[in-house]
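**Q** With the input below, show me the fold.
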Amino acid sequence: MIEVAIERVVYGGEGLARHEGRVLLIPYAAPGDRALVEIVQERADFARARIVRVVEASPDRRDPPCPYYGMCGGCQLQHLHYAAQQRAKVGFVRESLERIGGIAWAEALPLVASEEFHYRLRAQLKVRVSEGRVEIGYYRPASHEICPIAECPLLSPELNTALRRLQREVPERFSNIRALDLAQGEDGRVAIHPVGEQATVSWSVDAFTYAFDARTFFQSNRFLLADLVRLVTEGEEGERALDLFCGVGFFTLPLGRRFAEVIGVESDPRAVWFARRNARHNGVRNCRFEPERAETWLVRNGGRLGPVDLVVLDPPRAGLSRALIRALVRAAPERITYVSCHPAALARDLKLLLAGGYAISSIVVLDLFPQTFHVETIVKLRRTMTSLDASRIGAT
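**A** Residues are numbered from 1 along each chain as shown. I've put the predicted structure just below:
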């Protein structure tokens with residue numbers, strides 16, 4: 001065993017320490033801790049360790065409020081005061097920009113904070129029937145073994161009520177079911193797939209009401225929905241906008257009030273069905289939705305669209321493909337807004353967009369997922385070159 005000082009928390013939620021020049025990654029550590037640790041895994045360039053005893057606790061450390069913390073893999077940062085979580089997440093973004101993107105952003109990174117708990121309006125829970133009992137929860141850390149829970153402090157009260165109701169169901173109802181998707185509407189109704197209520201639920205954000213169900217993507221943090229829309233759409237206007245990875249039209253519809261034409265592109269046909277329904281319901285007639293992969297659609301259509309004022313990107317964690325970035329550079333929109341849930345993928349993609357002739361205008365961090373290492377970032381870019389060279393974007 002060795003004693004180390006924790007320097008900071010890195011993306012993934014582990015504390016970083018050094019011993020004899022070697023990096024150690026240690027879960028459930030706080031910046032400023034001095035801890036006695038035991039190495040549990042050796043790698044070529046780092047090692048993983050576990051805390052045996054905290055010798056001197058950091059002022060950032062607190063007792064985690066959830067009784068399952070450490071056994072359940074859903075949260076990684078509950079042992080940190082919320083202000084410390086926010087500082088760590090700003091660090092995640094800045095470190096990725098610098099190390100992966102080569103982007104030395106000199107300005108402060110503002111963070112939009114959330115309520116700490118009961119923010120989730122959507123969740124996926126794991127299910128197992130064991131010895132005639134229904135066990136519902138999340139995977140344990142680094143495992144596919146389920147940690148059964150009675151409730152989750154991240155879920156809305158309505159989702160926790162639904163969780164307790166599901167736990168009382170007869171085991172036969174969960175035959176061959178390994179996961180449950182839950183989504184709460186603004187009126188408190190809960191849709192559950194593949195058992196229970198197969199309902200459509202809805203949520204109002206500013207002037208728009210969005211319908212969706214448990215199988216379709218919708219933003220999870222009920223407290224920051226309006227902030228997301230504001231940060232993406234505020235100050236934008238023009239003739240034509242594209243919303244790639246548009247889902248049920250969360251950004252598409254408000255962009256429709258600011259642009260003459262908006263095209264939403266989404267690969268999930270069910271989400272497109274809801275997007276079209278949402279446009280009709282909200283009286284938005286200048287938005288159309290294309291049920292196709294964003295990359296395929298833009299490669300085929302980018303050269304014949306005509307001028308594009310704005311492209312909004314909200315991809316999954318993997319970020320953008322090289323082919324999509326090349327097509328984006330060829331389409332040459334005046335502005336790009338990139339909504340990212342993965343700092344490393346964001347930094348990688350920004351590096352290519354900057355090489356393709358864009359410059360960063362602003363960066364804002366949002367804490368959509370308190371108590372976890374996940375973090376959302378909104379980056380706005382503007383075109384700086386009149387003739388953009390997509391060949392500068394590599395093929396791989």
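**Q** contacts, neighbours, all on C-alpha from now
**A** OK.
**Q** In the one helix or strand residue 264 maps to, which residues are buried?
**A** Using DSSP states H and E, the element containing residue 264 is strand 259-266. The neighbour-count check on strand 259-266 (16 or more other Cα atoms under 10 Å) flags 259, 261-266 as buried.
**Q** swap in stretch 102-109?
**A** For stretch 102-109, by 16+ other Cα under 10 Å, it's 103, 109.
**Q** Please compute how far it lies from its chain's middle.
**A** 21 Å (Cα atoms, centre = their mean, to the nearest Å).
**Q** who's in contact with it?
**A** 90, 94, 97-98, 347, 351, 363-365 (Cα atoms under 8 Å, 6 or more residues apart in numbering).
**Q** same deal with stretch 231-239?
**A** For stretch 231-239, contacts defined as Cα under 8 Å, 6+ apart pick out 251, 254-255, 258-261, 308-310, 312, 337, 378.
**Q** could I get these as a markdown table with distance to residue 20 and pLDDT?
**A** Output for the contacts of stretch 231-239, formatted as a markdown table (distance: Cα to Cα, whole Å; pLDDT from 0 to 100):
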| residue | distance to residue 20 | pLDDT |
| --- | --- | --- |
| 251 | 50 | 98 |
| 254 | 54 | 98 |
| 255 | 54 | 98 |
| 258 | 57 | 98 |
| 259 | 58 | 98 |
| 260 | 61 | 98 |
| 261 | 59 | 98 |
| 308 | 54 | 97 |
| 309 | 53 | 98 |
| 310 | 50 | 98 |
| 312 | 46 | 98 |
| 337 | 43 | 98 |
| 378 | 38 | 98 |
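**Q** List the contacts of the helix or strand containing residue 166.
**A** Per DSSP H and E: residue 166 is located in helix 157-167. Helix 157-167 has contacts (Cα under 8 Å, 6+ apart) with 118, 121, 134-136, 150-152, 182-184, 188-190.
**Q** what's the closest of those to residue 74?
**A** Comparing those against residue 74 with Cα to Cα places residue 152 closest, at 9.3 Å.
**Q** Give me the pLDDT value at the residue nearest to residue 261 when sequence neighbours are not counted.
**A** Of all residues not flanking residue 261 in the chain, residue 240 sits nearest, at 4.8 Å (Cα to Cα, 6 or more residues apart in numbering). For residue 240, the model assigns a pLDDT of 98.
**Q** Near residue 240, how many other residues are there?
**A** 21 (other Cα atoms under 10 Å).
**Q** Name the SS class of it, please.
**A** strand (DSSP: H, G, I helix; E, B strand; the rest coil).
**Q** Likewise for the one 10 residues further on?
**A** Three states are possible here, and by three-state DSSP the one that applies to residue 250 is coil.
**Q** Isn't it up against residue 209?
**A** No. Residue 250 lies out of contact with residue 209 (Cα atoms under 8 Å); the separation is 9.3 Å.
**Q** more neighbours, those two?
**A** Comparing residue 250 with residue 209 by other Cα under 10 Å, the one with more neighbours is residue 250, at 22 against 16.
**Q** so what's the backbone phi/psi at that one?
**A** When read as degrees, to the nearest 10, the backbone of residue 250 gives phi -60, psi -40.
**Q** Perfect, I'm done here.
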